[in-house]
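K.L.:
next comes the sequence, and after it the predicted model I'd like to discuss.
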Amino acid sequence: MGEVKNDITINVTDQSGQVHILECPLDMGLTLKDICKAYELPMEAMCGGMAMCATCHCYILSDTSALPEKSDVEYALLSEVFNEKSNSRLACQMPLSAFMDGMHIEIAP
Ligand code: FES
């Protein structure tokens, strides 16, 4: 039986261009927003992950084909932000998963 990985690594570029390497546990039910906050990265996430504020907006710089699709709520909220791109996501709507190992994201300005 293959070994099940309990931790993944995610690379995050902040608004000043600095890259942070985050070690992320998979067994705690965290989202991408939670782990950015845990590392005290400059992500506001004002609504606390309720999909209401879009201040957890980020861009996925690596291949996104393995990621879950946006929900209707995420889609609707992102369509209202001024700097939306095709690779925009809301970090609070992305539960950490093994698919994300090695992923590179950028926190939106
Ligand atoms: S934290 Fe508010 S929408 Fe993600």
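P.N.:
Good, I have the coordinates. Residues are numbered from 1 along each chain as shown.

K.L.:
so, low pLDDT: which residues of this protein?
P.N.:
Flagging of the chain using pLDDT under 70 yields the residue ranges 1-3.

K.L.:
all helices of it, in order?
P.N.:
32-38, 72-78 (DSSP state H).

K.L.:
which parts of the chain sit against the ligand?
P.N.:
With Cβ under 6 Å from any ligand atom as the criterion, the chain comes near the ligand at residues 33, 45-47, 49-56, 90, 92. In short, each C-beta sits where N, CA and C put it, glycine included.

K.L.:
among the helices of the chain, which is the most enclosed?
P.N.:
helix 32-38 (a mean of 21; mean count of other Cβ atoms under 10 Å).

K.L.:
so how far is that helix from its chain's centroid?
P.N.:
Relative to the centre of its chain, helix 32-38 is centred 8 Å away, using Cα atoms, centre = their mean, to the nearest Å.

K.L.:
use 721 as the first number from now on
P.N.:
Yes, from this point I'll number from 721; that puts the last item at helix 752-758.

K.L.:
contacts for that helix?
P.N.:
If you take Cβ atoms under 8 Å, 6 or more residues apart in numbering as the criterion, helix 752-758 is touched by 730, 732, 742, 744, 750, 763, 765, 769, 776, 778, 809-812, 814-816, 820, 825, 827.

K.L.:
just the buried residues out of the residues of the chain next to the ligand, in ChimeraX syntax.
P.N.:
To isolate the buried members of the residues of the chain next to the ligand in ChimeraX, using 16 or more other Cβ atoms under 10 Å:
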select :753,765,769,773,774,775,776,810,812
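
K.L.:
how many residues are close by His740?
P.N.:
When neighbours are defined as other Cβ atoms under 10 Å, His740 has 14 of them.

K.L.:
right, I mislabeled it, should have said Pro815
P.N.:
Pro815 has 13 nearby residues by other Cβ under 10 Å.
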